[in-house]
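Enquirer: Turn this into a model:
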Amino acid sequence: MANIKSSKKAIKVIAKKTDNNHELKMRVHNLIKNCEKEIAANNKEEAQNLLKDFQKYMDKAVSKGLIKKNTADREKSRLTQKVKNIK
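Expert: Purely as a prediction, here's the structure:
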């Protein structure tokens, strides 16, 4: 444990940022899973709503540097294609 006051504060700040980053990453992964469940159930409207939220949070994760841009673009493209192909 740190002895200096600023170091103690830095530890708290890092822990808070880590929690926020983890929450955002998990939200993105959960949206992918939920959207794929809706795709499997042929529920196009709900899948489109989830896709919209997924793209929003994926872009936010890219802007924070949590996910690489090409990875995000690839994931968005694949999921969008799956939603478009729902019959």
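Enquirer: the helices in the protein, which residues?
Expert: Counting by DSSP state H, residue ranges of the helices within the chain are 5-40, 44-63, 69-84.
Enquirer: got the contact list for Lys56?
Expert: For Lys56, the contact set (CB atoms under 8 Å, 6 or more residues apart in numbering) is empty. For every residue, glycine as well, the C-beta is placed using N, CA and C.
Enquirer: Show the contacting residues for Met1.
Expert: Applying CB under 8 Å, 6+ apart to Met1 gives the contacts Lys8.
Enquirer: how much space between Asn49 and Met58?
Expert: 15 Å (CB to CB, to the nearest Å).
Enquirer: So between those two, which is more surrounded?
Expert: The neighbour comparison of Asn49 against Met58 (other CB atoms under 10 Å) goes to Met58, with 23 against 13.
Enquirer: So what's the residue count around the closest residue to the more buried one other than its chain neighbours?
Expert: Closest residue in space to Met58, ignoring its immediate chain neighbours: Ala72 at 4.9 Å, by CB to CB, 6 or more residues apart in numbering. For Ala72, the count of nearby residues is 19 (other CB under 10 Å).
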